[in-house]
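Asker: here's my sequence, what's the structure:
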Amino acid sequence: MKRWPVLGVALAVLWLFVRGAPLFEPVALLGEFLLGLALGVPIAFAFRRFYADDVKLGRATRATPYALLYLLVFLRELVTANVDVAYRVLSPSMPIHPGVVEVPLRVTSDLGITTIANSITLTPGTLTMDYDEEKNALYVHAIDARDPAAIVAPIRTWEDYALIIFDEELSPDDPVPKLGGEPDGN
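Answerer: Numbers count the residues shown, from 1 in each chain. Presented below is the predicted three-dimensional model:
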């Protein structure tokens, strides 16, 4: 199936949210959806050369629950990190122990790596500093790096979902790459 018509429908659904279409008035909802299609399909058609030719709806359907889980886990981590950073800022002793942690990845696609790196950077108290293509590893600066496993744990959870969402070669069951000199890689 061609990708641009699917994107046109997605833009029509987005139009419903932008316009604040009344959900419990079917005639008004249908009218707004048709207006969204009238705008979205030509836009998607005009920009079709920027998308891959085909979309695999089965894969997209399979990835959707994992994308929602990724978002929920990310939001939970975001709230937790905000509270933690607020505590550190408001604490008189400023309990920070900054450091950099190397995080080897299993995801290999540019989109998967970028999604994880951005999730890290958007989470208060952490920042993706660099990506080493040879090691396929991110370097993460953390406000408290005393426990590297605590920093890596949410990143591994995001990566498990990203492996499925971005249809990577590896799966969440595959072993995590080892750090230099690390005995078990976990």
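Asker: which strands or helices does the longest helix anywhere in the chain pack on?
Answerer: Longest among the helix segments of the chain by residue count, using DSSP state H, is helix 57-90. Packing partners of helix 57-90 (3 or more C-beta pairs under 8 Å, 6 or more residues apart in numbering; DSSP states H and E): helix 148-165. Where you see a C-beta, it was placed from the backbone N, CA and C, and this is true even at glycine.
Asker: quick one: work out the angle between the helix it packs on and helix 57-90.
Answerer: Orientation check (axes from the mean of the first three to the mean of the last three C-alpha atoms, to 10 degrees): helix 148-165 against helix 57-90 gives 160 degrees.
Asker: which strands and helices sit next to helix 148-165?
Answerer: helix 57-90, strand 99-104, helix 110-122, strand 137-142.
Asker: ok, now with 7 Å
Answerer: helix 57-90, strand 99-104, helix 110-122 (3 or more C-beta pairs under 7 Å, 6 or more residues apart in numbering; DSSP states H and E).
Asker: next, the buried residues of the lowest-mean-pLDDT helix or strand in the chain.
Answerer: Of all helical and strand segments in the chain, the minimum by mean pLDDT, DSSP states H and E falls on helix 3-19, at a mean of 87. For helix 3-19, burial by neighbour count (16 or more other C-beta atoms under 10 Å) applies to 3, 4, 5, 6, 7, 8, 9, 11, 12, 15, 16.
Asker: between these, which is closest to residue 46?
Answerer: Here the nearest of the buried residues of helix 3-19 to residue 46, counting by C-beta to C-beta, is residue 4; it sits at 8.9 Å.
Asker: give the closest residue to that closest one in space, chain neighbours not counted.
Answerer: Excluding the flanking residues, the one nearest residue 4 by C-beta to C-beta, 6 or more residues apart in numbering is residue 48, at 4.0 Å.
Asker: that neighbour contacts residue 7, correct?
Answerer: No. Using C-beta atoms under 7 Å, residue 48 makes no contact with residue 7, being 8.3 Å away.
Asker: on that earlier part again, what does the next helix-or-strand element following the least confident helix or strand of the chain contact?
Answerer: Per DSSP states H and E, the first helix or strand lying C-terminal to helix 3-19 is helix 26-46. Contacts with helix 26-46, where a contact means C-beta atoms under 7 Å, 6 or more residues apart in numbering, come from 4, 5, 7, 8, 11, 12, 15, 16, 19, 21, 22, 23.
Asker: measure the second one to residue 173 for me?
Answerer: Relative to residue 173, residue 5 is positioned 35 Å away (C-beta to C-beta, to the nearest Å).
Asker: tell me which residue is most central in this protein.
Answerer: residue 115 (4.4 Å; C-alpha atoms, centre = their mean).
Asker: which ones are touching the residue nearest to that residue when sequence neighbours are not counted?
Answerer: Once flanking residues are discounted, residue 115 sits nearest to residue 162: 5.9 Å by C-beta to C-beta, 6+ apart. Contacts for residue 162 (C-beta under 7 Å, 6+ apart) come out as 70, 107, 112, 115, 116.
Asker: thanks again, I'm all set now.
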